[in-house]
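Enquirer: Need a 3D model of the sequence below.
(one chain, ligands or ions: 2)
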Amino acid sequence: MTDKLIIFDTTLRDGEQSPGASMTRDEKLRIARQLERLKVDVIEAGFAASSNGDFEAVRTIAQHIKDSTVCSLARANDRDLSRAAEALAPAARGRIHTFIATSALHMEKKLRMTPEQVLEQARSAVRFARNLCGDIEFSPEDGYRSDPDFLCRVLEAVIAEGATTINIPDTVGYAIPELYGQFIRNLRERVPNADKAIWSVHCHNDLGMAVANSLAGVKLGGARQVECTINGLGERAGNCSLEEIVMAVKTRRDYFGLDVGVDTSQIVPASRMVSQTTGFVVQPNKAVVGANAFAHASGIHQDGVLKARDTYEIMRAEDVGWSANKIVLGKLSGRNAFKQRLQELGVELESEAEINAAFARFKDLADRKSEIFDEDIIALVGDESVTAEQEHYRLVALNQHSETGERPQARVTFAMGGREVTSQSEGNGPVDASLKAIEAQVQSGAEMLLYSVNAITSGSTESQGEVTVRLQLGGRVVNGVGADPDIVVASAKAYLAALNKLHASVERVAAQG
Ligand code: KIV
Ligand code: ZN
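Expert: Ligands and ions are numbered 1, 2, ... in the order given. Sure, this is the predicted structure:
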């Protein structure tokens, strides 16, 4: 058994399945590049057969990522597996991750297949996949609620066909740490060819135990791969959180005795990038990446930390990538300083034209905000990652008036499919009036599920406001994010960003019909 723990990141696949977290191809590539800087071992880039958009995203990531293995999910059928192999063709190292449900409930009610049919389909899928790719992962979906005797037969068969990683999902987050750990150990002891594969854990967080269950799968069960997402992003209560797993194993190396290859200084930048891209805000008290994770408020704690850090700190903030809010640039900073800071932040803009456009936005921001922090720059290039063809709507100008005792009014000018339109409306407040003005023109009919405002850098009203708007239309849920020192403008940008995502509507097939 190896003493290395493989970190398999599925932010771009299972994380993206969270309603509203869908990302464009370019957004996914930016995150994949950050995951590569983070040095995760495997990046699950998407589900190539689910839509043309996902296929393109997997293929683009496979073209650009060289240090991490790039993986695509595929159902256990020839079409999905061929699509996955096609999308992964340019990868330096590619992996196909195939799955089929094995619990009695899923087989009977969802697949309408007998256990014998499922066993045969799993076997033939892995045999087919093995001819397309040398690195095959197999997952029995709802594995933790499956009958262990049946599961052993399926797993033995797929390992015999050449599966190199066996992943045991707790698909619905039902497991308890000790029981899950024993479940994995039991399977590894009973499957005769268990030693021919690496065992992996994949836990959902419905009972808040995804990280604890995964760690038990590693410690008690002997798993050597953990599947996880940045910020624990994922459907319902989310997936196992990467930052918590990595820091638990590193901080308690005395207990786990395992190495992880992750560059922990890239954790906070990755967390910010995922949260700014998806609009899923990180709770302040979230372990490792929450804004308060290293903030000592009580006098006794502060006194202790000043005398000796380890009195109250088990990890160092800088080791996970927290830097004190640094004033990095200002109004007088030139293009070269800006470009260098982008490089230091690990932001790669593809062309000189993109750098110029981002620099113009930076200058505009610096005119209105005297201190520009790293977080401001990241938000600014987040705006920049939207390409012209994805930008059907773009804010041009906004004018609003609010006065005590009067009903606020707004006039918004924006580009809509290449032509400029101006629209005005009243509203309960200036934000409401602005969004109503936009909607009056666009007439999307979308329902707003969420509106939230956050300060990008804490501690001052001079911060930029970052607004997230979540819209639902015809079963599709999208998030739009906008940043600006003026929160009314940030709100209009966020609303237009969400409309852009609805406009670029990507159709997806249901995960397993
Ligand atoms: O949770 C799950 O069962 C999955 C599988 C597709 C691996 O995400
Ligand atoms: Zn999952």
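
Enquirer: and the residue located most distally from the centre of the chain, which of the three is it?
Expert: No residue in the chain sits farther from the centre than residue 405, which is 43.7 Å out by Cα atoms, centre = their mean. Following DSSP: H, G, I helix; E, B strand; the rest coil, we place residue 405 in the coil state.

Enquirer: I'd like the distance between it and residue 487.
Expert: 22 Å (Cβ to Cβ, to the nearest Å). (C-beta placed from N, C-alpha, C; glycine too.)

Enquirer: what stretches of the stretch 151-300 of the chain score poorly on pLDDT?
Expert: 297 (pLDDT under 70).

Enquirer: That one against ligand 1: which residues are in contact?
Expert: Residues of the stretch 151-300 of the chain lying close to ligand 1 by Cβ under 6 Å from any ligand atom are 169, 171, 202, 204.

Enquirer: Neighbouring strands - and their directions - for the helix or strand that contains the third one?
Expert: Taking DSSP states H and E as the criterion, the element that holds residue 202 is strand 198-203. Strand pairing for strand 198-203, determined by DSSP bridges: strand 165-170 (parallel), strand 225-228 (parallel).

Enquirer: what separates the first one from the chain centre, distance-wise?
Expert: Distance, stretch centre to chain centre, for strand 165-170: 20 Å (Cα atoms, centre = their mean, to the nearest Å).

Enquirer: Which residues does that strand contact?
Expert: 95, 97, 99, 135-144, 155, 158-159, 180, 183-184, 187, 194, 197-204, 210, 213, 217, 223, 225, 227 (Cβ atoms under 8 Å, 6 or more residues apart in numbering).

Enquirer: residues in contact with residue 122?
Expert: Residue 122 touches 76, 100, 102, 138, 140, 154, 157, 158, counting by Cβ under 8 Å, 6+ apart.

Enquirer: how about 6 Å then?
Expert: 76, 100, 154, 158 (Cβ atoms under 6 Å, 6 or more residues apart in numbering).

Enquirer: ditto for residue 107
Expert: With Cβ under 6 Å, 6+ apart, residue 107 has these contacts: 113, 118.

Enquirer: Wait, a helix at it?
Expert: Yes: checked against three-state DSSP, residue 107 lies within a helix.

Enquirer: what's the neighbour count on residue 418?
Expert: Using other Cβ atoms under 10 Å, residue 418 has 8 neighbouring residues.

Enquirer: what does residue 406 give?
Expert: Residue 406: 9 neighbours (other Cβ under 10 Å).

Enquirer: Residue 424 versus that one, what's the distance?
Expert: 15 Å.

Enquirer: Give me the below-cutoff pLDDT ranges for the stretch 301-450 of the chain.
Expert: 324-328, 346, 382-390.

Enquirer: what's the closest non-adjacent residue to the residue of it found nearest ligand 1?
Expert: Among the residues of the stretch 301-450 of the chain, residue 449 lies closest to ligand 1, at 23.8 Å counting by Cβ to the nearest ligand atom. Sequence neighbours aside, residue 470 is the residue nearest to residue 449 in space, at 4.3 Å (criterion: Cβ to Cβ, 6 or more residues apart in numbering).

Enquirer: Which residue does the stretch 201-350 of the chain have closest to ligand 1?
Expert: For the stretch 201-350 of the chain, Cβ to the nearest ligand atom, closest residue to ligand 1: residue 202, 5.3 Å.

Enquirer: That residue: neighbour count?
Expert: 30.

Enquirer: With residue 436 instead?
Expert: Residue 436 has 17 nearby residues by other Cβ under 10 Å.

Enquirer: Could you look up the SS state of it?
Expert: Assignment for residue 436 (three-state DSSP): helix.

Enquirer: isn't it right next to residue 425, touching?
Expert: Yes: between residue 436 and residue 425 there is a contact at 4.0 Å, judged by Cβ atoms under 6 Å.

Enquirer: how many other residues sit next to the nearest residue to residue 249 once chain neighbours are set aside?
Expert: The shortest distance from residue 249 to any residue other than its chain neighbours is 4.9 Å, reached at residue 256 (Cβ to Cβ, 6+ apart). Neighbour count of residue 256, defined by other Cβ under 10 Å: 17.

Enquirer: got it, and residue 104?
Expert: Based on other Cβ under 10 Å, the number of other residues close to residue 104 is 14.

Enquirer: what is the mean pLDDT for the helix or strand hosting residue 82?
Expert: Residue 82 belongs to helix 78-88 when assigned by DSSP H and E. Across helix 78-88, pLDDT averages out at 98.

Enquirer: Pull the residues that contact it.
Expert: 48-49, 55, 58-59, 62, 72, 74, 94, 96, 128-129, 132-133.

Enquirer: do that again at 7 Å, thanks
Expert: 48-49, 55, 58-59, 62, 70, 72, 74, 94, 96, 98, 125, 128-129, 132-133 (Cβ atoms under 7 Å, 6 or more residues apart in numbering).

Enquirer: Please apply the same query to stretch 487-504.
Expert: 386, 390-395, 398, 400, 412, 414, 430-431, 434-435, 438, 442, 444, 446, 453, 465-469, 471, 473, 476, 478-484.

Enquirer: Surely residue 424 forms part of a strand?
Expert: Yes: counting by three-state DSSP, residue 424 falls inside a strand.

Enquirer: beta partners for it?
Expert: residue 411.

Enquirer: burial count for it?
Expert: Residue 424 - counted by other Cβ under 10 Å - has 17 other residues nearby.

Enquirer: any idea how far it is from residue 104?
Expert: From residue 424 to residue 104 the distance is 60 Å (Cβ to Cβ).

Enquirer: again with residue 48
Expert: Relative to residue 104, and taking Cβ to Cβ, residue 48 is found at 29 Å.

Enquirer: same question, residue 28
Expert: In terms of Cβ to Cβ, residue 28 sits 36 Å off from residue 104.

Enquirer: What of residue 69?
Expert: From residue 69 to residue 104 the distance is 33 Å (Cβ to Cβ).

Enquirer: Mind listing residues that contact the host helix or strand of residue 376?
Expert: Per DSSP H and E, residue 376 falls inside helix 374-384. Applying Cβ under 7 Å, 6+ apart, the contact partners of helix 374-384 are 272-273, 276-277, 323, 326, 328, 341-342, 345, 347, 349, 354, 357-358, 361-362, 365, 456-457, 464, 466, 481, 483.

Enquirer: mind listing what residue 410 touches?
Expert: 398, 399, 400, 424, 425, 427, 430, 433, 434, 437.

Enquirer: If we use 6 Å, what do you get?
Expert: Residue 410 neighbours (Cβ under 6 Å, 6+ apart): 400, 433, 434, 437.

Enquirer: thought the last one was touching residue 425?
Expert: Yep, that's residue 437 we're talking about. Yes: Residue 437 is in contact with residue 425 according to Cβ under 6 Å; the separation is 3.9 Å.
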